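Engineer: got a predicted structure plus its sequence, pasted below:
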Amino acid sequence: MTTDYLESVKAQFKHYKTIGERTFEQIDDKGPFWQYNEESNSIANIVKHVLGNMMTQL
């Protein structure tokens, strides 16, 4: 059971990693830092927070 779960988690991670990479391929170099307005988050800021949340789960 543990092996199946771990393999499933790895597969999901690879899937979302691929989606993320494809997203970044579609934007220019300034794109990750663009904000719709002062109150909104940039892509870079969202990725930073997601990474931080993932690191605290290890």
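Structural biologist: Alright, I've got the coordinates. Predicted model, so just to flag it, every value in this text is computed and none were measured. Numbering: from 1, shown residues only.

Engineer: contacts for whichever strand or helix holds residue 47?
Structural biologist: Taking DSSP states H and E as the criterion, residue 47 maps to helix 43-56. With contacts defined as C-beta atoms under 8 Å, 6 or more residues apart in numbering, helix 43-56 is touched by 20, 23, 27, 31-34, 41. Any C-beta I mention is one placed from the backbone N, CA and C, and that applies to glycine too.

Engineer: now do stretch 14-32
Structural biologist: Counting by C-beta under 8 Å, 6+ apart, 42-44, 47 sit against stretch 14-32.

Engineer: for it, the averaged confidence score.
Structural biologist: For stretch 14-32, mean pLDDT rounds to 92.

Engineer: how about the CA coordinates for that stretch, as PDB?
Structural biologist: Once non-C-alpha atoms are left out, stretch 14-32 reads as follows in PDB (Å, rounded to 0.1, in the frame of the first residue of the first chain):
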ATOM      1  CA  LYS A  14       5.500  15.000 -12.300                       C
ATOM      2  CA  HIS A  15       2.200  15.900 -13.800                       C
ATOM      3  CA  TYR A  16       2.000  19.300 -12.000                       C
ATOM      4  CA  LYS A  17       5.600  20.000 -12.700                       C
ATOM      5  CA  THR A  18       5.000  19.500 -16.400                       C
ATOM      6  CA  ILE A  19       2.000  21.900 -16.300                       C
ATOM      7  CA  GLY A  20       4.100  24.500 -14.500                       C
ATOM      8  CA  GLU A  21       6.900  24.200 -17.000                       C
ATOM      9  CA  ARG A  22       4.400  24.600 -19.900                       C
ATOM     10  CA  THR A  23       3.000  27.700 -18.200                       C
ATOM     11  CA  PHE A  24       6.400  29.400 -17.800                       C
ATOM     12  CA  GLU A  25       7.200  28.600 -21.500                       C
ATOM     13  CA  GLN A  26       4.200  30.800 -22.500                       C
ATOM     14  CA  ILE A  27       5.400  34.000 -20.700                       C
ATOM     15  CA  ASP A  28       8.300  36.400 -21.300                       C
ATOM     16  CA  ASP A  29      11.000  37.100 -18.800                       C
ATOM     17  CA  LYS A  30       9.000  39.800 -17.100                       C
ATOM     18  CA  GLY A  31       5.900  37.700 -16.900                       C
ATOM     19  CA  PRO A  32       6.500  36.000 -13.600                       C
END
